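Asker: 3D, please:
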Amino acid sequence: MIGKIQVGYLVSYDYELLKNSLPTTYNDADTIFLAIDKNRRTWNGEYFNIDNSFFDWLQAFDVSKKIVIYEDDFYVPGFTTMQCEIRERKLLSQKMGLGNWLIQIDCDEYFVDFKKFISDLRKYDSYIKEPLKKPIQIAAFWVILYKYTPNGILYVDKPTKAIFATNNPEYVNGRRVKGQVIYTNNLVLHESLSRTEEELRFKFENWGHNKETNKDFLNKWIKVNENNFKEFRNFYYIEPERWKKLDFFPTKNIIEIKKFIQEEKKLTLSKLFISMKNFGQWFKFLI
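Answerer: You can find the predicted model right below:
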């Protein structure tokens, strides 16, 4: 029997963004697990609130009864935020079940074409038959939404690799495992930084990278806008030079952005690029 497509979300202070992400994955998932801290605490121990209306929305949205809410204590005093993140991801994957494709997505990530991602994933079903024999991790590519402006959204001009699925969730850093990466030609909008300044400051204190964030990042983020972004360089929040330039979507509507990406093919990755990435990983793990 072929393993199931199990999708897991970590739900915290940015839970409202799940209303954008869940519709992109719902139809093609077998089960969707929502991991929520039962005490409503972040990985840094801060408290947050989830409005009851959100659960009303979930119940109305879940017409096929695919959603499982998994509540547990995910904050451990004395752990770093990354240690808490890894622990929560492992606990969530245990609920999702070994022998399936374990796909973890954050609330602020929106697949452009999740059906295609699943089709690409199914080419590697042989790996889920023996997950302990060879851990594998499946990557897509983020389109980083950097900042909302009066007339649209600034974004990082080059797609960035990101891990989404694995057969064996022995995570060592975020969603990463010790195993070969298989790259797929799929794009995911990532609204990691396109928040209000207040939301961004809270996130930087409570996410898994809180000890790594570049201290100058926020000053640049505040200064840059849709009129001056070409005057700036190096935008990444840890090693700035990894994101060299920004570009601009002339709309704030996520659905319109997805259509723009599909129709304009401005961010399309070449088959040769994907093939070379996968050849490099194959050769690396061959030797």
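
Asker: Buried residues in stretch 239-257, which are they?
Answerer: Neighbour-count burial for stretch 239-257 flags 243, 246-249, 254, 257 (criterion: 16 or more other CB atoms under 10 Å). Any C-beta I mention is one placed from the backbone N, CA and C, and that applies to glycine too.

Asker: Kindly report the same for stretch 14-25.
Answerer: Those would be 14-15, 17-18, 20-22, 24-25, for stretch 14-25 by 16+ other CB under 10 Å.

Asker: Tell me which residues of stretch 81-88 come out buried.
Answerer: Buried residues in stretch 81-88, counting neighbours by 16+ other CB under 10 Å, are found at 81-82, 84-88.

Asker: for it, the distance to its chain's centre please.
Answerer: 15 Å (CA atoms, centre = their mean, to the nearest Å).

Asker: Tell me the one of the buried residues of stretch 81-88 nearest Tyr127?
Answerer: Tyr127 has its nearest neighbour among these in Ile86, at 21.4 Å by CB to CB.

Asker: Quick check: pLDDT value at the closest one.
Answerer: At Ile86, the pLDDT value in this model is 96.

Asker: Report the backbone C-alpha coordinates of the host helix or strand of it in CSV.
Answerer: Secondary-structure element containing Ile86, defined by DSSP states H and E: helix 81-96. Presented in CSV, the C-alpha positions along helix 81-96 are these (Å, rounded to 0.1, in the frame of the first residue of the first chain):
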residue,chain,number,x,y,z
THR,A,81,14.0,28.2,20.4
MET,A,82,15.6,25.9,17.7
GLN,A,83,15.7,23.0,20.1
CYS,A,84,12.0,23.6,20.8
GLU,A,85,11.2,23.8,17.1
ILE,A,86,13.0,20.5,16.3
ARG,A,87,11.3,18.8,19.2
GLU,A,88,7.8,20.0,18.1
ARG,A,89,8.5,18.9,14.5
LYS,A,90,9.5,15.5,15.6
LEU,A,91,6.5,15.1,17.9
LEU,A,92,4.2,16.2,15.1
SER,A,93,5.8,13.8,12.6
GLN,A,94,5.2,10.9,15.1
LYS,A,95,1.5,11.8,15.0
MET,A,96,1.6,11.9,11.2
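
Asker: quick thing: my sequence starts at 581, can you match it?
Answerer: I'll keep to 581 as the first residue from here, and by that count the last item is helix 661-676.

Asker: What helices and strands are in contact with it?
Answerer: The elements that helix 661-676 packs onto, with contact taken as 3 or more CB pairs under 8 Å, 6 or more residues apart in numbering; DSSP states H and E, are strand 585-591, strand 611-617, strand 647-652, strand 681-686, strand 751-753.

Asker: Could you look over these and pick the most buried one?
Answerer: Mean neighbours per residue, mean count of other CB atoms under 10 Å, is largest over those for strand 681-686, with a mean of 25.

Asker: Partner strands of that one, with direction?
Answerer: In the sheet, strand 681-686 lines up against strand 585-591 (parallel), strand 740-746 (antiparallel) (DSSP bridges).

Asker: wait, which of the helices and strands packed on helix 661-676 is closest to Lys795?
Answerer: strand 751-753 (21.5 Å).

Asker: so how far is the first residue of stretch 825-838 from its last?
Answerer: Terminal residues of stretch 825-838 are spaced 20 Å apart (CA to CA, to the nearest Å).

Asker: Same check on stretch 639-654?
Answerer: OK, stretch 639-654 end separation, CA to CA: 24 Å.

Asker: now swap in stretch 756-774 and tell me
Answerer: Start-to-end, stretch 756-774 (CA to CA) is 24 Å.

Asker: pLDDT (mean, whole number) over stretch 803-812?
Answerer: 96.

Asker: And that stretch, how far out from the chain middle?
Answerer: 26 Å.

Asker: can you dump the C-alpha coordinates of that stretch into PDB?
Answerer: C-alpha atoms of stretch 803-812 as PDB (Å, rounded to 0.1, in the frame of the first residue of the first chain):
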ATOM      1  CA  LYS A 803      14.000  52.000   5.300                       C
ATOM      2  CA  VAL A 804      13.300  50.100   2.100                       C
ATOM      3  CA  ASN A 805      10.200  50.900   0.100                       C
ATOM      4  CA  GLU A 806       8.700  50.400  -3.400                       C
ATOM      5  CA  ASN A 807      10.400  53.600  -4.600                       C
ATOM      6  CA  ASN A 808      14.000  53.100  -3.300                       C
ATOM      7  CA  PHE A 809      14.500  49.300  -3.100                       C
ATOM      8  CA  LYS A 810      16.800  49.300  -6.100                       C
ATOM      9  CA  GLU A 811      19.200  51.500  -4.100                       C
ATOM     10  CA  PHE A 812      19.800  48.700  -1.500                       C
END
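
Asker: Good, we can wrap up now.
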